[in-house]
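Engineer: Fold the following for me, if possible:
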Amino acid sequence: EAQRRNGYLICYVLYKNLMYNFPVILYGFYSGFSGQMFYETIFTQTFNLIFTSWPIIVYSTWDQEHPKEIMVKNPQLYKAGINNEYFSTKVFFKWTMIGFIQSAVILFVTMFSIEFVEDIWHGQTTDIWTMGMMVYGAVVFNVNNQLMQDSNSMNYLMLTLTFLSQGAFFLMFFIVNNFQ
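Structural biologist: Below is the predicted model of the structure:
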């Protein structure tokens, strides 16, 4: 059981950081590597600290695929860990590809959905900060929801921390947008 959670932890941390960084790299190609910050600086510093760390800590500490009694009575359940089904090269590349694909979809859907939208009151197009925050928010929600989807034993602590992490994004967005 611990091997499953540890394998998931390693792959998830890679996945969430790919989801965070790959849109920036792709946007660099689109913008000709202009050097502009895609994400607001304070959000860059808080991604791993506030928005995505607590749910994975709870998952990797307390998630259980099977109750302890069943694990003790069925030692064949441990074979998956012995056979490297939880962490192998194949699993690693699967998580990597999922991260690349999901982050590319988030970036391109966001870019093409707001590229031609004009502010009807001022006649201006959407700026890079708005697009970066939309991508950032989608990444935060996607990585947290991926963890909730993969959780075997959903508990109140997991739900609470996931919703607090996602709610913290809105709170921080409101503060940065209104008091900067």
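
Engineer: Work out for me the element Asn84 sits within.
Structural biologist: Using DSSP states H and E, no element contains Asn84; it sits outside every helix and strand.

Engineer: pLDDT on stretch 3-15, on average?
Structural biologist: Confidence over stretch 3-15 (mean pLDDT, whole number) is 90.

Engineer: Send me that stretch as PDB with only the CA atoms.
Structural biologist: As requested, C-alpha coordinates have been extracted for stretch 3-15 and formatted as PDB (Å, rounded to 0.1, in the frame of the first residue of the first chain):
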ATOM      1  CA  GLN A   3       4.500   1.600  -2.400                       C
ATOM      2  CA  ARG A   4       1.400   2.500  -4.400                       C
ATOM      3  CA  ARG A   5       1.100   5.800  -2.600                       C
ATOM      4  CA  ASN A   6       4.800   6.600  -3.000                       C
ATOM      5  CA  GLY A   7       4.700   5.700  -6.700                       C
ATOM      6  CA  TYR A   8       1.700   7.900  -7.100                       C
ATOM      7  CA  LEU A   9       3.300  10.800  -5.200                       C
ATOM      8  CA  ILE A  10       6.400  10.800  -7.400                       C
ATOM      9  CA  CYS A  11       4.400  10.700 -10.600                       C
ATOM     10  CA  TYR A  12       1.900  13.200  -9.400                       C
ATOM     11  CA  VAL A  13       4.500  15.800  -8.400                       C
ATOM     12  CA  LEU A  14       6.100  15.400 -11.900                       C
ATOM     13  CA  TYR A  15       2.700  15.700 -13.500                       C
END
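
Engineer: so who does Ser153 touch?
Structural biologist: Under the criterion of CB atoms under 8 Å, 6 or more residues apart in numbering, the contact partners of Ser153 comprise Trp62, Asp63, Gln64, Glu65. Backbone N, C-alpha and C define where each C-beta goes, glycine included.

Engineer: Just give me the closest of those residues to Ala138.
Structural biologist: Using CB to CB, Asp63 comes nearest to Ala138 of those, at 24.6 Å.

Engineer: Could you check the pLDDT of the closest one?
Structural biologist: Among the per-residue scores, Asp63 holds a pLDDT of 83.
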